[in-house]
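> No letters, just coordinates:
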C-alpha cells in the first residue's frame, strides 16, 4: 500500500511542527496549514489524499471545514482531531462526512492505525475513480456491476458458461444476484433467441411443483379442468432457471433427472412422452453437498446439474464495488445526478449487508424516497444501517477497552504481577479483575521479576 499524502491543519505551531515531523519520519508526505483558508488553498492545488484537522480554530471550526472540504473535494478523506471525550464534536464530525476522529492528546499508535485505514479508503476512492473512467458502472452483463477481482472472476465464468451448453449450479447468499448471472449466461449463449423461463421452486406449494414444471392433462387431478403446458415445455429450445432448487420434492427430483438424462418427460396424468431441448441453470443459497449427504437431495441429480459451478461472492467481500453499485442504483431510479456525501458512502461501505445487493438497492431506494435536494446524506439512510452516534459509541467502547488494558498492564508491571495488589490499587474486585485479565488475554505471571540469586 502506497503512503498517502497528508495536509495537517492546526493553529498551534508547536503541534504542527511536532506532528508533521513524526509523520514524515513514518514515510508520509506532509503539508501544513495554520488556518482553514490556507488548508482550502492547499486542497485546491490537488495532490492531497487526507486532511488531518483540529476542531477548535478561530477562523472556522473543523466541522464546518469538513463539510466545505468534502463538498469541494469529494475525493479527500478527512480525519478530525478533537478533545478527549467531546461527544458532540465526534458525532458532528461523522455527520459532516469525516472518515474517523482522534482524541487529544494523540496516541501515536492509534494515529498510525487510523492512517492505515484511511490509506485503504483513499486507495478505494482511487480504484473507483479509475473504474468510472474505464468500465464505469456498466459491465458486459446487464445488471451486474463491479470492478473488483471477485466480480471480474464472475464475468469470466459467465463468458465461459455462455460458450458451453452444460448445466450450471449457482450458489450464493440471498440477494447476491444469482438470477442476474443466469440471465447473463442465457443472453450471451447460443440459446439467446429462445426463452429463459424462471421458476422459484421454494415459492411453490409441494402439491403444485410437478404441475408447474411438467404440466398436466385435463382431468389429471381434482380441479384440473383444462390442460397445462408446464415450464419445462415452455423453455423448449431455451433455458430453464430453477431457483431454490434444494426445495424440490423427491418425486420432482426423479422426473427432473430424467429430463437431464433423456430429454423427455410425461405431463401429470398423461401417457405420451414429450421431448424437449433445454439447458438447466439451477441456483440455491444452500449447501447442496450437505443436502446430498443428509439425503434431502439426490446424488445423481446433483452430479448432473453440477457440471459448471459458480459461488457468488457476498457484497461484504467486495466492498470496493459499493460506490459503483450505488451510482448504478441511483441511475436506475432516475436520480443519477444525486451526490452522495462522504459520510453516507462510508456508512454504506462499512455495513455488513446480510441481504447483499438486494438489501443495498432497498436502502438506496428508501433513502431517495425520504430526501429532498440533490445530496444524499447519513440522515437519509435507513436506521437499520446504524447512526453516527452508534458508530461513535462503538469506537468509544474500543477506546475504553484500550485504555483499560493499558492501565491494567501498567499496574501489573508496578506490582510485579501481583494481581491482588493490582486489583486493590485500581479499586476493582478481585473476581472482576481476573475476568478482565482473561478478557484481554493478559498473563500476569509474565510480570513477575525473577528472584535474585
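Ah, there it is. Quick caveat: nothing in here was measured; it's all calculated off a predicted structure.

> Which strands or helices does the helix or strand hosting residue 66 pack on?
With elements taken from DSSP states H and E, the one containing residue 66 is helix 62-72. Based on contacts counted as 3 or more C-beta pairs under 8 Å, 6 or more residues apart in numbering; DSSP states H and E, the elements that helix 62-72 packs against are helix 36-45, strand 50-54, strand 77-83, helix 87-96. Heads up, the C-betas are built off the backbone N, CA and C, glycines and all.

> Show me what counts as buried in that helix.
Using 16 or more other C-beta atoms under 10 Å as the burial criterion, the residues of helix 62-72 that qualify are 62-63, 65-70.

> now the angle between helix 36-45 and that helix, please.
For the pair helix 62-72 and helix 36-45, the angle between their directions (axes from the mean of the first three to the mean of the last three C-alpha atoms, to 10 degrees) equals 20 degrees.

> where do the strands sit along the protein?
Defined through DSSP state E, the strands belonging to the chain, from first to last, are 5-9, 29-33, 50-54, 77-83, 100-104, 168-171, 196-200, 239-243, 264-265, 274-275, 279-284, 308-311, 339-340, 375-376.

> The fifth one to strand 77-83, inter-axis angle?
Here strand 100-104 runs at an angle of 30 degrees relative to strand 77-83 (the same axes, to 10 degrees).

> Identify the residue spatially nearest to residue 206, adjacent ones excluded.
In space, not counting the residues next to it along the chain, residue 206 is nearest to residue 249; the distance is 5.4 Å by C-beta to C-beta, 6 or more residues apart in numbering.

> Now do the contacts for the one you found.
Applying C-beta atoms under 8 Å, 6 or more residues apart in numbering, one finds that residue 249 lies in contact with 206, 209-210.

> Just the buried ones from these, in PyMOL syntax?
Of those, the buried ones go into a single PyMOL selection, burial set by 16+ other C-beta under 10 Å:
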select buried, resi 209+210
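
> now the most centrally placed residue in the chain: how far from residue 148?
Taking C-alpha atoms, centre = their mean, the centroid of the chain lies closest to residue 316, which sits 2.6 Å from it. Residue 316 sits 12 Å away from residue 148, going by C-beta to C-beta, to the nearest Å.

> Same question for residue 357.
Remark: distance between residue 357 and residue 148 (C-beta to C-beta) = 13 Å.

> Comparing these two, which shows the higher neighbour count?
Counting neighbours by other C-beta atoms under 10 Å for residue 357 and for residue 148 shows that residue 357 has the greater number, 25 against 18.

> Enumerate every residue touching that one.
For residue 357, the contacting residues are 175-177, 315, 325, by C-beta under 8 Å, 6+ apart.

> Would you reformat the buried residues of helix 62-72 as JSON lines and include pLDDT and distance to residue 101?
Rendered in JSON lines, the data for these read as follows (pLDDT from 0 to 100; distance: C-beta to C-beta, whole Å):
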{"residue": "62", "pLDDT": "84", "distance to residue 101": "10"}
{"residue": "63", "pLDDT": "85", "distance to residue 101": "11"}
{"residue": "65", "pLDDT": "89", "distance to residue 101": "14"}
{"residue": "66", "pLDDT": "87", "distance to residue 101": "10"}
{"residue": "67", "pLDDT": "83", "distance to residue 101": "15"}
{"residue": "68", "pLDDT": "85", "distance to residue 101": "17"}
{"residue": "69", "pLDDT": "87", "distance to residue 101": "15"}
{"residue": "70", "pLDDT": "80", "distance to residue 101": "14"}
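
> between those residues, which is nearest residue 54?
Distance from residue 54 was checked for each of those by C-beta to C-beta. The minimum falls on residue 62, at 5.8 Å.

> which ones are touching residue 318?
Counting by C-beta under 8 Å, 6+ apart, residue 318 has contacts 146, 148, 150-151.

> with those in mind, which one is nearest to residue 101?
residue 148 (28.4 Å).

> I figured residue 159 hits residue 185, correct?
No - because the distance of 9.1 Å does not satisfy C-beta atoms under 8 Å, residue 159 is recorded as not touching residue 185.

> Looking at the two, which has the bigger crowd around it?
When neighbours are counted by other C-beta under 10 Å, residue 159 and residue 185 differ, and residue 185 comes out ahead with 29 against 14.

> how about the nearest residue to the more buried one, chain neighbours excluded?
Closest to residue 185 by C-beta to C-beta, 6+ apart is residue 161, at 4.7 Å.

> Tell me who's in contact with the one you found.
Contacts were defined as C-beta under 8 Å, 6+ apart; by that measure residue 161 touches 168, 185, 189, 308, 310.

> neighbour-wise, which of the residues you listed leads?
When neighbours are counted by other C-beta under 10 Å, residue 185 leads these with 29 neighbours.

> what about it, distance to residue 140?
When distance is defined by C-beta to C-beta, residue 185 is 12 Å away from residue 140.

> which neighbours do those two share?
residue 158.

> confidence score at the residue nearest to residue 245 when sequence neighbours are not counted?
Spatial nearest neighbour of residue 245, excluding adjacent residues (C-beta to C-beta, 6+ apart): residue 282 at 4.2 Å. Among the per-residue scores, residue 282 holds a pLDDT of 96.
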